[in-house]
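Q: here is a sequence with its predicted model. Questions after.
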Amino acid sequence: MSLTRRQFIWTAAASSLALPRTVEGLWAQEKPGASAGGSRFQHGVASGDPLGDRIILWTRVTPRAPSATQPISVRWRIGADAELRRVVSSGTTETAAARDFTVKVDAAGLVPGTTYYYAFDIDGEQSPIGRTKTFPVSGAERMRVALVSCSNYPAGFFNVYAGIAKRTDLDAIVHVGDYIYEFGEGEYGGGAAINRIPQPPRESVTLADYRARYATYRTDPDLQEAHRLFPFVAVWDDHELANDAWAGGAVNHNPEKGEGDWATRKAAGYKAYLEWMPIRESSEPGIHLYRTFRFGTLADLVMLDTRGLRDKQVSNTDAAGLADPKRTLMGAAQEAWMFDQLRASQRANTPWTLLGQQIMLAPISLLGMWSINTDGWDGYPAQRGRVLDFIERERIRNLVVLTGDAHSSWGFDIPRNPWNGYRTTGEGSLAVEVVTPAISSPPPLMFSSTNGTEAAAAVRVALPHLKYLDGVRRGYVVLDVTPTLVRADWYYSPDVRIHSDAEVAGGSLVCERGSAHLQPA
Ligand SMILES: [Fe+2]
């Protein structure tokens with residue numbers, strides 16, 4: 001949907017990562033940018049997609065000459081200590097212009113549930129030292145992740161990443177999309193006043209554009225630090241491609257303006273995303289980002305792509321289109337895969353299944369009060385119906401949906417129909433949903449306008465399954481998972497137009513195992 005339309009629619013093992021002081025001191029001297037060796041590693045280091053025995057390590061080499069064409073050999077090391085004296089695995093890999101000089105290694109042979117340190121070097125010049133952690137394969141009593149989305153560079157400082165980087169209690173950072181925005185400067189937030197104009201200043205369309213855009217974002221010191229300290233588990237949303245993307249196009253893709261054909265642009269956006277993100281790449285052809293992570297016997301984290309494989313959005317007045325049972329948000333293969341994942345998690349009696357995905361699943365449209373957001377699950381009711389049918393039929397319990405996109409904070413019970421057959425005590429709820437706010441993107445006009453407070457009050461009254469709402473603040477969620485309880489704590493940056501790592505606590509909700517119901521903590 002256009003930005004105007006988006007705004008219109010809305011108007012209608014906890015301490016195991018604690019660092020010894022000596023290590024903190026060491027890292028303080030080695031912060032990206034402060035390192036004398038920063039010239040070849042200007043975009044920092046990152047890790048991601050932790051499994052029990054392996055993890056993706058990432059960096060990018062800045063070539064000596066911008067026009068460099070020769071492959072560059074890069075050594076990597078991963079070890080058990082912060083000074084990399086006890087290396088457990090190492091190797092040499094090559095990067096080249098064909099992959100924008102990004103480096104991705106799937107470091108294997110690691111021990112589950114263990115903190116590691118890693119670095120890259122070229123000709124004796126070393127990258128910053130990163131820290132990461134494998135997921136456990138059994139016996140986990142606690143998992144703690146930060147849930148983030150919607151990091152728009154010109155709209156504000158990445159204070160949220162700075163706040164997260166200060167934490168010592170996370171196993172991973174789960175990013176559910178809009179890691180970059182494709183817009184040109186001033187089209188959706190202006191960065192001139194705070195010296196945050198993204199490259200290229202125009203809209204990103206080509207492979208070179210998307211690569212330059214990721215490079216801009218990765219020069220941000222707060223984002224670099226978050227990547228350096230925690231593994232990411234990421235999926236994309238529309239803005240890694242173009243606003244309101246679907247499999248065959250996007251609202252913000254305009255061939256008549258010289259933007260070329262969609263297939264080329266989509267392939268470019270996907271290639272740049274894989275190059276720059278610490279994601280384990282699928283061997284399947286085409287776009288394939290959905291994947292599952294098991295956190296010991298405590299939780300399964302199922303990551304969906306509801307963006308790159310979906311059918312086109314329809315108008316919110318197109319009743320026949322909305323009701324069309326053939327329309328899909330994820331494609332038949334991913335849907336079957338998702339059902340397999342949920343079923344397997346249930347059959348293994350895993351206490352929690354976490355479903356990381358992009359858009360709000362809980363029904364929020366109330367015809368006659370405001371329009372349906374047809375870019376969300378509300379715009380694909382048949383698809384949502386199939387998922388809820390499956391949850392009910394297969395008795396899927398303890399499902400927590402993790403969502404971004406909304407640029408506002410929400411907590412929901414998920415009943416089939418909030419206005420019929422659901423009680424606010426949780427009866428009739430099939431799952432719960434936690435929606436993280438934006439890192440820096442502007443909040444919906446509905447809540448940020450002069451009538452925002454009244455709008456929020458009206459929404460609270462209209463939605464019996466709504467358990468938490470903050471319409472305006474930028475921040476993130478810490479999700480704390482134990483065998484009997486999932487707890488969601490929202491944290492907010494006081495002002496993203498001022499660079500600061502300060503944060504304030506927001507709401508807190510808990511879901512007891514077996515309840516499918518969110519309550520105040
Ligand atoms: Fe967003």
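A: Done, it's in. Numbers count the residues shown, from 1 in each chain.
Q: the chain: helices as residue ranges?
A: Here the chain has its helices, by DSSP state H, at 3-11, 21-29, 159-166, 207-217, 221-229, 262-276, 319-323, 332-347, 381-393, 445-448, 452-462.
Q: make CSV out of those and add mean neighbour count, distance to the ion and mean pLDDT.
A: Placement of C-beta: from N, CA and C, glycine included. Listed next are the helices of the chain as CSV, based on neighbours: other CB atoms under 10 Å; distance: least, CB to the ion, whole Å; pLDDT from 0 to 100:
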stretch, mean neighbour count, distance to the ion, mean pLDDT
helix 3-11, 17, 9, 39
helix 21-29, 12, 31, 30
helix 159-166, 23, 13, 98
helix 207-217, 20, 14, 98
helix 221-229, 24, 16, 98
helix 262-276, 20, 15, 98
helix 319-323, 13, 23, 90
helix 332-347, 16, 21, 98
helix 381-393, 16, 21, 96
helix 445-448, 20, 14, 91
helix 452-462, 14, 18, 91
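Q: give the contact list for the nearest residue to P443 once chain neighbours are set aside.
A: Spatial nearest neighbour of P443, excluding adjacent residues (CB to CB, 6 or more residues apart in numbering): V472 at 4.5 Å. Residues near V472 by CB atoms under 8 Å, 6 or more residues apart in numbering: S408, P443, F447, S448, G452.
Q: let's see it at 7 Å
A: Shown in contact with V472 (CB atoms under 7 Å, 6 or more residues apart in numbering): P443, F447, S448, G452.
Q: now it: how far from E187?
A: Distance, V472 to E187, using CB to CB, to the nearest Å: 21 Å.
Q: can you list the residues of the stretch 51-200 of the chain near the ion?
A: For the stretch 51-200 of the chain, the residues in contact with the ion (CB under 5 Å from the ion) are C150, D178.
Q: please report how far E275 lies from R99.
A: Taking CB to CB as the criterion, E275 is separated from R99 by 5 Å.
Q: same question for P255.
A: In terms of CB to CB, P255 sits 27 Å off from R99.
Q: ok, the two, which is more surrounded?
A: R99 (18 against 11; other CB atoms under 10 Å).
Q: wait, doesn't the more buried one sit right on A272?
A: No: the criterion here is CB atoms under 7 Å, and R99 misses it with A272 at 9.9 Å.
Q: point me to the residue of the stretch 301-450 of the chain nearest the ion.
A: The minimum distance from the stretch 301-450 of the chain to the ion, using CB to the ion, falls at S441 (4.8 Å).
Q: quick one: pLDDT of that residue?
A: Predicted confidence (pLDDT) at S441: the value is 98.
Q: I figured it hits H407, correct?
A: Yes: using CB under 7 Å, S441 is in contact with H407, at 5.1 Å.
Q: now the residue lying closest to V148 once chain neighbours are set aside: how far from S47?
A: Using CB to CB, 6+ apart and skipping residues adjacent in sequence, the residue nearest V148 is Y476, 4.8 Å away. With distances taken as CB to CB, Y476 is found 19 Å from S47.
Q: and N243, what does it touch?
A: With CB under 7 Å, 6+ apart, N243 has these contacts: A250, V251, N252.
Q: could you pull up phi and psi at the last one?
A: N252 has phi and psi values of phi -90, psi 30 when expressed as degrees, to the nearest 10.
Q: could you report the neighbour count for it?
A: The number of residues packed near N252 is 21, by other CB under 10 Å.
Q: pretty sure it sits against L241.
A: No: at 8.9 Å, N252 does not count as touching L241 under the criterion of CB under 7 Å.
Q: let me know the pLDDT of A68.
A: 86.
Q: distance check, it against A98.
A: Taking CB to CB, one finds A68 at 12 Å from A98.
Q: who has more neighbours out of the two?
A: It is A68, of A68 and A98, that has more neighbours when counted by other CB under 10 Å, with 14 against 10.
Q: what sits closest to that one if chain neighbours are left out?
A: Nearest residue to A68 in three dimensions, chain neighbours excluded: A97, at 6.8 Å (CB to CB, 6+ apart).
Q: if I look at R460, how far off is S429?
A: R460 is 17 Å from S429, by CB to CB.
Q: now do D123
A: 58 Å.
Q: do the same with V401
A: Noted for V401: a distance of 12 Å to S429, by CB to CB.
Q: what is in contact with those two at once?
A: Contacts common to V401 and S429, judged by CB under 7 Å, 6+ apart, are I414.
Q: give the contact list for the closest residue in space to A456 that isn't next to it in sequence.
A: Nearest residue to A456 in three dimensions, chain neighbours excluded: G471, at 5.0 Å (CB to CB, 6+ apart). Neighbour list for G471: S408, P443, P444, M446, F447, G452, A456 [criterion: CB under 7 Å, 6+ apart].
Q: apply 8 Å and report the result again.
A: Per CB under 8 Å, 6+ apart, neighbours of G471: S408, S409, P443, P444, M446, F447, S448, G452, A455, A456.
Q: need the contact list for the first one.
A: Just to be clear, that refers to S408. Applying CB under 8 Å, 6+ apart, the residues near S408 are V435, P437, A438, P443, P444, F447, L469, D470, G471, V472.
Q: phi and psi next, for the second one.
A: In terms of degrees, to the nearest 10, the main-chain angles of P437 are phi -80, psi 180.
Q: how near is the nearest residue in space to it that is not next to it in sequence to S508?
A: Of all residues not flanking P437 in the chain, S409 sits nearest, at 4.5 Å (CB to CB, 6+ apart). Distance, S409 to S508, by CB to CB: 11 Å.
Q: more neighbours: which of these two?
A: S409 (26 against 16).
Q: the more buried one reaches G506, doesn't it?
A: Yes: with contacts counted by CB atoms under 8 Å, S409 reaches G506, the gap being 6.7 Å.
Q: what does the stretch 351-500 of the chain put close to the ion?
A: So the stretch 351-500 of the chain meets the ion at S441 (CB under 5 Å from the ion).
Q: could you redo the last one with a cut-off of 6 Å?
A: Proximity of the stretch 351-500 of the chain to the ion (CB under 6 Å from the ion) is limited to residues D405, H407, A438, S441.
Q: what about the residues you listed, which are in strands?
A: Judged by DSSP state E, strands contain none of those.
Q: can you pull out the strands in the stretch 351-500 of the chain?
A: Using DSSP state E, counting those that start in this stretch, the strands of the stretch 351-500 of the chain run over residues 352-356, 399-403, 409-415, 429-435, 466-470, 475-481, 485-492.
Q: strand partners (parallel or antiparallel) of the longest one?
A: The one in question is strand 485-492. strand 475-481 (antiparallel), strand 504-512 (antiparallel) (DSSP bridges).
Q: what residues sit buried inside the shortest one?
A: For strand 475-481, the neighbour count (16 or more other CB atoms under 10 Å) marks G475, Y476, V477, V478, L479, D480, V481 as buried.
Q: so which of these is the closest to F41?
A: Of all the buried residues of strand 475-481, F41 sits closest to Y476, with 26.3 Å by CB to CB.
Q: list the contacts of the closest one.
A: By CB under 8 Å, 6+ apart, the neighbours of Y476 are A146, L147, V148, V160, G163, I164, T436, P437, I439, W490, Y491.
Q: who touches the fourth one in this structure?
A: This means V160. When contacts are counted by CB under 8 Å, 6+ apart, V160 touches V148, S151, D222, I439, S440, R474, G475, Y476, Y491, S493, V496, E503.
Q: most neighbours out of these, which is it?
A: I439 (31 neighbours).
Q: verify the stated contact: it with R474.
A: Yes: counting by CB under 8 Å, I439 does reach R474; the two are 6.2 Å apart.
Q: which residues do these two both contact?
A: Here I439 and R474 share the contacting residues V160, V496, scored by CB under 8 Å, 6+ apart.
Q: count of neighbours near the nearest residue to F230 once chain neighbours are set aside?
A: Excluding its sequence neighbours, the residue lying closest to F230 (CB to CB, 6+ apart) is I173, at 4.9 Å. When counting by other CB under 10 Å, one arrives at 23 neighbours for I173.
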